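*Asks:* whatever this is, show me its structure:
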Amino acid sequence: MNGRWPWWGQLTRPFREMHESSTIHLILGFWVITLGVISGIDDGFWRSVILGHLPFPGPGFGTWLQSLFWTVSFMLLGIGLFSRSRLIWFLTVMLFFVRVAWLARLGELWSDPVLTIGIAVAVAALIRLNQRFRRSSLGSGALLATILLIFLFGYSVFGTYLLGSHFTPPVHSLLTAFYFSVVTLSTVGYGDITPHGFEARLFVSSVILLGLTVLTVSLSAIILPVLQRRLESLIMPNRVIRPRRNHFLIAGNSSLARNAYRELNQRKQKVTFIVNEPFEIAGESKLDIVLGDATDLEVLRNVQASDAKALLALSDDDSENAFVVLAAKELDPPVKTVAVVHNSKNLSRLKRVHPDVLLAPQVMGGRVLAMYLTGQKIETDRFMDDFLSVF
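*Replies:* Sure, this is the predicted structure:
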C-alpha cells in the first residue's frame with residue numbers, strides 16, 4: 001500500500017513510531033489525565049475549586065459531585081497506567097465505556113466533541129495496545145487499593161454531606177461529614193451522629209458494605225503477593241524473587257550461561273534464569289530461577305521480558321536458541337536479544353532470525369586453533385566477525 005500511495009506511509013509514520021515506542025504507556029497515561037482535566041473544565045469543577053464556591057446540598061451539589069467523581073477517576077487511573085498494570089488498564093477501559101453510556105443517557109454525548117472524541121481515541125489506543133499492560137505487581141496492587149479507598153472515602157464524605165438533614169444532629173459541614181465517615185469506616189461507631197429515615201440508613205448500610213468489600217480487596221491485592229513470595233522462598237531456599245525490571249534474562253543452563261551470570265552478578269546486575277529444571281551454581285546462595293519454556297510467549301511476559309535489558313539465549317541447543325529469539329520478536333515492545341550458536345552449520349540459520357547480537361565461540365575457537373597450528377597470522381577483524389556478530 002505504501003508503494004502505491006507513498007504519502008500514506010509518511011502520514012502514518014508518527015503513529016507507527018509511537019506504537020513501537022517503549023514510552024507509549026506514559027503517553028496514554030498523560031492522555032487519560034488530560035481527559036480528566038477537560039472533564040472538570042466542562043462541568044465547572046475546577047472553577048468551583050479555584051474560586052472556593054462549593055455548592056450546598058441540592059441538585060447543584062449532585063452535579064458537582066458527579067464532576068468530582070469523573071475528574072478524579074480519570075486522573076488517578078491515568079497515573080495508574082504509568083505502572084502498566086493490567087488491572088488498571090481494565091478499569092480505565094470500563095470507566096470510559098461507563099462515561100460514554102452516562103453522557104448518552106443524559107443526551108450530552110456531543111455536548112463537548114473534544115471530550116467525546118478524546119475518549120474514543122483513548123479507548124481505541126488502549127484496546128490496540130493492550131499487550132503493553134501485562135504487569136501484575138505489588139506496586140500496582142497498592143495503587144489499586146489506594147484508588148478504591150479514595151473513591152470509598154469520597155463517596156462516604158460527600159454522600160453524608162448531601163444527606164445531612166437526614167442525620168441527628170444534622171450534618172451541615174464537610175468537616176462533620178469527614179468525622180462521621182472516619183468513625184463509620186473504622187467501625188468505631190460512637191453513636192453521636194445517627195441516621196434516621198430510609199434514605200440515610202440505606203446510604204450508611206452501603207458505606208459499611210462497600211467498606212468491607214474494599215478492605216478485603218485491598219488486603220488481598222497487597223498481602224497475597226507478599227505471602228506468595230514468602231512461601232516460594234521457604235519452598236525453594238536457594239531462590240530469591242527480585243524486582244524484575246531493567247534486568248537480564250538468561251534462557252538456558254549451559255556453562256556459558258553460568259559464566260555470563262557470574263560476570264553480570266559481579267557488576268551488580270539483576271539476572272533471571274528461565275530453565276526447565278531447577279539447578280544450583282557453586283558459590284551462589286540465591287538465584288532468581290523461573291521454571292518454564294523460554295520459547296513460550298506467556299512465560300516471557302510473566303518474567304517482564306519487555307522490561308528487561310536483554311534476553312540471552314544461551315542454551316546448548318542451537319535450534320532452541322533460535323526459537324527463543326523468535327518468541328522475543330513477538331513481544332510488545334520487543335527486547336534486545338543475544339543468541340549463541342555452537343555448530344558452524346547453524347550460523348547462517350541463526351542469522352536469519354536476526355538476533356541483535358550473535359555469539360559463535362565454537363566457530364571462533366576452531367578457527368583460531370587452526371590458524372595457530374598452521375602458522376597463519378590471526379586477523380583481528382575476521383576474528384571478531386566470527387566470534388561476535390552485531391546486527
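
*Asks:* okay, helices next: where are they in the stretch 1-150 of the chain?
*Replies:* Assigned by DSSP state H, counting those that start in this stretch, the helices in the stretch 1-150 of the chain fall at 6-20, 24-42, 45-51, 59-81, 86-106, 113-128, 138-162.

*Asks:* any idea which of these scores lowest on pLDDT?
*Replies:* Note on the helices of the stretch 1-150 of the chain: lowest mean pLDDT is at helix 6-20, with a mean of 45.

*Asks:* quick one on the thing from earlier: could you dump the helices of the stretch 1-150 of the chain to CSV with mean neighbour count?
*Replies:* No exception for glycine: its C-beta is placed from N, CA and C like everyone else's. What follows is the helices of the stretch 1-150 of the chain, written out as CSV (neighbours: other C-beta atoms under 10 Å):
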stretch, mean neighbour count
helix 6-20, 11
helix 24-42, 19
helix 45-51, 14
helix 59-81, 19
helix 86-106, 16
helix 113-128, 15
helix 138-162, 19
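
*Asks:* please parse the chain into its domains.
*Replies:* The chain breaks down into these domains under automatic domain parsing: 17-134, 137-235, 248-359.

*Asks:* tabulate the ones you listed (JSON lines), appending distance to residue 375.
*Replies:* JSON lines is the format used below for the domains of the chain (distance: least, C-beta to C-beta, whole Å):
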{"stretch": "domain 17-134", "distance to residue 375": "50"}
{"stretch": "domain 137-235", "distance to residue 375": "57"}
{"stretch": "domain 248-359", "distance to residue 375": "22"}
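
*Asks:* closest one to residue 368 among these?
*Replies:* For residue 368, the closest of the domains of the chain is domain 248-359, at 13.4 Å, according to C-beta to C-beta.

*Asks:* now the end-to-end length of the closest one.
*Replies:* With C-alpha to C-alpha, to the nearest Å applied, domain 248-359 spans 17 Å between its terminal residues.

*Asks:* show me how far it is from its chain's centre.
*Replies:* Relative to its chain's centre, domain 248-359 lies at 23 Å (C-alpha atoms, centre = their mean, to the nearest Å).

*Asks:* any idea of the mean pLDDT in it?
*Replies:* Averaging pLDDT along domain 248-359 yields 86.

*Asks:* stretch 375-383 too?
*Replies:* On average, stretch 375-383 scores 66.

*Asks:* quick check: residue 374 vs residue 366, distance?
*Replies:* Applying C-beta to C-beta, to the nearest Å, the value for residue 374 to residue 366 is 12 Å.

*Asks:* who has more neighbours, the two?
*Replies:* A direct count of neighbours by other C-beta atoms under 10 Å for residue 374 and residue 366 places residue 366 higher, at 13 against 7.

*Asks:* give me the common contacts of residue 374 and residue 366.
*Replies:* Here residue 374 and residue 366 have no joint contacts, going by C-beta atoms under 8 Å, 6 or more residues apart in numbering.

*Asks:* ok, the nearest residue to residue 38 once chain neighbours are set aside to residue 275 distance?
*Replies:* The shortest distance from residue 38 to any non-neighbouring residue, by C-beta to C-beta, 6 or more residues apart in numbering, is to residue 115 (5.3 Å). Relative to residue 275, residue 115 is positioned 50 Å away (C-beta to C-beta).

*Asks:* returning to that earlier point: of the domains of the chain, which is nearest residue 370?
*Replies:* Closest of the domains of the chain to residue 370 is domain 248-359, at 12.0 Å (criterion: C-beta to C-beta).

*Asks:* restricting to C-alpha, output stretch 287-298 in CSV.
*Replies:* Extracted as CSV, the C-alpha positions of stretch 287-298 are listed here (Å, rounded to 0.1, in the frame of the first residue of the first chain):
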residue,chain,number,x,y,z
LEU,A,287,19.3,-17.4,42.3
ASP,A,288,16.2,-16.0,40.6
ILE,A,289,15.0,-19.0,38.6
VAL,A,290,11.8,-19.3,36.7
LEU,A,291,10.8,-22.8,35.6
GLY,A,292,9.3,-22.7,32.1
ASP,A,293,9.8,-22.8,28.4
ALA,A,294,11.7,-19.7,27.2
THR,A,295,10.1,-20.1,23.8
ASP,A,296,6.7,-19.7,25.3
LEU,A,297,5.5,-16.1,24.8
GLU,A,298,3.4,-16.2,28.0
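
*Asks:* which parts of it are buried?
*Replies:* By 16 or more other C-beta atoms under 10 Å, the buried positions in stretch 287-298 come out as 287, 288, 289, 290, 292, 293, 294, 295.

*Asks:* which parts of the stretch 251-391 of the chain are strands?
*Replies:* Using DSSP state E, counting those that start in this stretch, the strands assigned to the stretch 251-391 of the chain run over residues 271-275, 289-291, 310-313, 337-340, 357-359, 388-390.

*Asks:* and residue 277, what does it touch?
*Replies:* Residue 277 neighbours (C-beta under 8 Å, 6+ apart): 253, 291.

*Asks:* for it, phi and psi?
*Replies:* In terms of degrees, to the nearest 10, the main-chain angles of residue 277 are phi -140, psi 150.

*Asks:* residue 250 now?
*Replies:* According to degrees, to the nearest 10, residue 250 has phi -120, psi 120.

*Asks:* isn't it up against residue 270?
*Replies:* No - Residue 250 is beyond contact range of residue 270, at 11.3 Å (criterion: C-beta atoms under 8 Å).

*Asks:* neighbour count: these two, which is higher?
*Replies:* Between residue 250 and residue 270, counted using other C-beta under 10 Å, residue 250 has the larger neighbour count: 27 against 17.
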